[in-house]
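Visitor: Give me a model of this one.
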Amino acid sequence: METSKSKPHAVIVSSPGVGRLVCDLELGNRLVTDHSFQVTFFVVLDCQATAGESQLIQSAEAQKLLHIVVLPPVDLSGQVEPSTPIFTRLASLMREIRPTLRSAFSALKPTPSALVVDILGTPALEVAEEFHMLKYVFVTSAWPLASMLYAPILDKEVEGEYVDQKEPIRLPGCMSVLPEDLADPMLNRTKPEYNSFLQVALEMRKSDGVLVNTWEDLDAATLTAMREEESYGSAPVYAVGPLIRVAGPAASRSKLLDWLDEQPVESVLYISFGSLGVLSAQQITELAWGLELSRQKFMWVLRPPTPSKKKDDASADRSRGDENALDHLPDGFLERTHSLGLVVTQWAPQSEILGHRSTGGFLSHCGWNSSLESILSGVPMIAWPLYAEQKMNATKLAEEVGVAVRPKIAPTKGVVGREEIEILVRKVMAEPEGKAMRARVKELKISGEKALTPGGSSFNAVSQLAKQMHQSEASAVSH
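Guide: Modelled structure (predicted):
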């Protein structure tokens with residue numbers, strides 16, 4: 001494939017997972033449309049593409065902005081068990097894909113000037129080094145990035161398990177973090193995923209830069225600390241967001257939007273826990289009663305509960321059918337709440353729902369993609385973190401940014417009762433605190449949109465990257 005000498009050529013390698021694929025594709029699209037990059041996009045799959053991944057790939061191919069290559073799946077059956085935690089499994093997958101990447105890079109003429117990987121793709125950075133390419137890591141949110149870059153320091157300073165520490169964990173530039181709110185791989189230092197996590201942190205520190213899906217106004221203190229504190233290492237940090245999937249024209253308009261059209265402005269609470277989020281049967285019951293008691297309008301994307309007791313296996317049953325999801329609601333719930341809300345057991349167009357004038361709140365798992373979608377739609381949140389970095393995101397959104405409320409008991413530690421759910425829902429949807437959060441989130445929406453426009457902080461950060469790549473290409477030519 002021939003490349004234009006006037007355009008910096010970047011390769012993006014996306015590891016398996018809908019959330020990472022969404023972010024990586026949006027980064028690629030921005031590089032092409034706003035900064036005249038040429039982007040070759042390699043998709044790595046875990047055995048085979050899920051329906052969500054396939055849909056994203058097809059949509060991206062239809063836009064014809066990126067040259068997309070889906071790499072052959074790697075068989076890990078002889079190396080990892082089905083029960084192996086996702087972080088360790090995908091880190092192994094990204095190590096095993098390196099020979100394939102090496103061959104793929106060799107076929108690109110001239111050699112691209114830079115490689116961008118997501119947080120699980122750091123094993124590929126050594127391949128970029130072989131080809132004398134600049135190497136960058138693209139990460140979702142700033143606090144989890146800070147915890148990862150700082151992990152080698154904590155590993156030496158903290159004795160015993162993090163969860164046994166009596167005091168909160170201090171990360172420069174962030175609010176102190178409760179030990180149990182650290183990323184899941186850090187919660188048990190005896191497990192292989194802890195070492196995998198540390199390895200990723202060390203590889204990230206050796207990169208030519210870390211791109212993070214935020215903007216200067218949202219994370220000023222954390223970004224400054226990561227750039228100035230020696231303890232975070234020397235890799236430059238670039239805020240390039242907010243990058244979210246923009247809702248495009250659908251083949252057919254969802255009936256859910258028709259229902260929203262009939263509701264008053266900012267009156268509906270949207271409830272969704274992401275593609276992997278599941279609640280226990282008891283928690284589904286309590287949430288249903290809390291919604292009914294609140295008497296607020298709602299749209300709830302409901303999935304069947306998982307019988308798994310392991311956090312790392314919480315997504316194992318996500319492929320089960322949804323035919324029994326409604327069976328877990330209290331008797332008569334649908335009839336009693338018929339005038340208030342909808343319970344949805346199929347896919348829902350989240351971007352369009354959050355952007356609808358009738359949506360006034362979002363009960364969310366606090367995945368960063370969903371959090372940014374909510375902010376850029378001007379919608380405050382009820383933070384309900386379930387796994388991975390969501391707990392840190394929830395703390396930031398509720399306690400630092402002031403655009404979310406959260407339960408007193410962490411959903412990962414126990415069942416949140418109906419009375420508290422009623423209070424949280426009414427607080428966001430009907431009380432002065434919710435009104436104040438709505439005003440704050442709308443300010444952030446304007447700030448985030450401005451960051452991406454020419455002259456904005458994130459636009460300028462990517463322009464800086466383009467300049468580096470041009471200089472790298474010029475240096476390679478002169479040698």
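
Visitor: which residues does Arg357 contact?
Guide: Val265, Glu266 (Cβ atoms under 8 Å, 6 or more residues apart in numbering). Where C-beta positions appear, they are placed from N, C-alpha and C, glycine not excepted.

Visitor: Check for me that it belongs to a helix.
Guide: No. According to DSSP: H, G, I helix; E, B strand; the rest coil, Arg357 belongs to no helix; its state is coil.

Visitor: mind checking how far it is from Leu291?
Guide: 21 Å (Cβ to Cβ, to the nearest Å).

Visitor: And for Ser374?
Guide: Using Cβ to Cβ, we find Ser374 at a distance of 18 Å from Leu291.

Visitor: Need the residues that contact stretch 256-270.
Guide: 291, 296-299, 341-342, 344, 348-350, 352-354, 356-363, 379, 382, 425, 428-429, 438.

Visitor: Now, of those residues, which are buried?
Guide: 291, 296-299, 341-342, 344, 348, 350, 352-354, 356, 358-363, 379, 382, 425, 428-429, 438 (16 or more other Cβ atoms under 10 Å).

Visitor: circling back to that earlier point, next step: the contacts of stretch 256-270 restricted to strands.
Guide: Lys297, Phe298, Met299, Gly341, Leu342, Val344, Thr359, Gly360, Gly361, Phe362, Leu363, Ile382 (DSSP state E).

Visitor: mind listing the strands in the protein by residue range?
Guide: Under DSSP E, the chain gives strands at 9-14, 38-43, 67-70, 114-118, 134-139, 209-212, 237-239, 268-272, 297-301, 341-344, 359-364, 381-383, 404-405.

Visitor: Of all these, which one is nearest Glu433?
Guide: The closest of the strands of the chain to Glu433 is strand 404-405. By Cβ to Cβ, the value is 7.3 Å.

Visitor: who does the closest one touch, helix- and strand-wise?
Guide: Packing partners of strand 404-405 (3 or more Cβ pairs under 8 Å, 6 or more residues apart in numbering; DSSP states H and E): strand 381-383, helix 418-430, helix 432-452.

Visitor: Mind doing that once more with 6 Å?
Guide: Judged by 3 or more Cβ pairs under 6 Å, 6 or more residues apart in numbering; DSSP states H and E, the packing partners of strand 404-405 are strand 381-383.

Visitor: Give the rounded mean pLDDT of the strand it packs on.
Guide: In this model, strand 381-383 carries a mean pLDDT of 98.

Visitor: how far does that strand sit from the chain's center?
Guide: 16 Å (Cα atoms, centre = their mean, to the nearest Å).

Visitor: can you dump the C-alpha coordinates of stretch 96-109 into CSV?
Guide: Provided in CSV are the C-alpha atoms of stretch 96-109 (Å, rounded to 0.1, in the frame of the first residue of the first chain):
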residue,chain,number,x,y,z
GLU,A,96,1.3,-13.8,20.5
ILE,A,97,0.1,-11.5,17.7
ARG,A,98,3.5,-9.9,17.4
PRO,A,99,4.8,-12.1,14.6
THR,A,100,1.7,-11.3,12.6
LEU,A,101,2.2,-7.6,13.2
ARG,A,102,5.8,-7.9,12.2
SER,A,103,4.8,-9.3,8.8
ALA,A,104,2.0,-6.7,8.4
PHE,A,105,4.3,-3.8,9.1
SER,A,106,6.9,-5.1,6.6
ALA,A,107,4.3,-4.9,3.9
LEU,A,108,3.6,-1.2,4.5
LYS,A,109,5.8,0.9,2.2
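
Visitor: in that stretch, what's buried?
Guide: For stretch 96-109, by 16+ other Cβ under 10 Å, it's Ile97, Leu101, Ala104, Phe105, Leu108.

Visitor: so what's His146 up against?
Guide: Rather than His, residue 146 is Ala. Leu171, Cys174, Thr222, Met226 (Cβ atoms under 6 Å, 6 or more residues apart in numbering).

Visitor: Excluding chain neighbours, what is closest to it?
Guide: Nearest non-adjacent residue to Ala146, counting by Cβ to Cβ, 6 or more residues apart in numbering: Leu171, 5.0 Å away.

Visitor: hmm, back to that, which of the contacts of Ala146 lies closest to Leu31?
Guide: Of those, the one sitting nearest to Leu31 (Cβ to Cβ) turns out to be Met226, at 22.2 Å.

Visitor: Wait, that closest one touches Ala235, no?
Guide: No. Look at Met226 against Ala235 with Cβ atoms under 6 Å: they stay out of range, at 8.7 Å.

Visitor: who has more neighbours, the two?
Guide: Neighbour totals were compared for Met226 and Ala235, and Met226 leads with 27 against 19 (other Cβ atoms under 10 Å).

Visitor: Could I get the pLDDT score of that one?
Guide: In this model, Met226 carries a pLDDT of 97.

Visitor: residue ranges of the helices in the stretch 151-300 of the chain, please?
Guide: Under the criterion DSSP state H, counting those that start in this stretch, helices of the stretch 151-300 of the chain are mapped to 192-205, 220-228, 255-261, 281-294.

Visitor: now these in CSV, with distance to His132?
Guide: Below are those laid out as CSV (distance: least, Cβ to Cβ, whole Å):
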stretch, distance to His132
helix 192-205, 18
helix 220-228, 26
helix 255-261, 50
helix 281-294, 52
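
Visitor: Minimum distance to Lys450: which of those helices has it?
Guide: Of those, the one closest to Lys450 (Cβ to Cβ) turns out to be helix 220-228, at 14.4 Å.

Visitor: re the thing from before, from the contacts of Ala146, pick the one nearest Phe333.
Guide: Looking across the contacts of Ala146 and measuring by Cβ to Cβ, the closest to Phe333 is Cys174, at 40.2 Å.

Visitor: where's that closest one relative to Pro85, distance?
Guide: 25 Å.

Visitor: Kindly report the same for Ile271.
Guide: Taken as Cβ to Cβ, the span from Ile271 to Pro85 is 27 Å.

Visitor: Repeat that for Ala151.
Guide: Ala151 sits 17 Å away from Pro85, going by Cβ to Cβ.

Visitor: go on, Tyr162?
Guide: Taking Cβ to Cβ, one finds Tyr162 at 17 Å from Pro85.

Visitor: again with Ile446
Guide: From Ile446 to Pro85 the distance is 40 Å (Cβ to Cβ).

Visitor: neighbour-wise, which of the two wins?
Guide: Between Ile446 and Pro85, counted using other Cβ under 10 Å, Pro85 has the larger neighbour count: 21 against 12.
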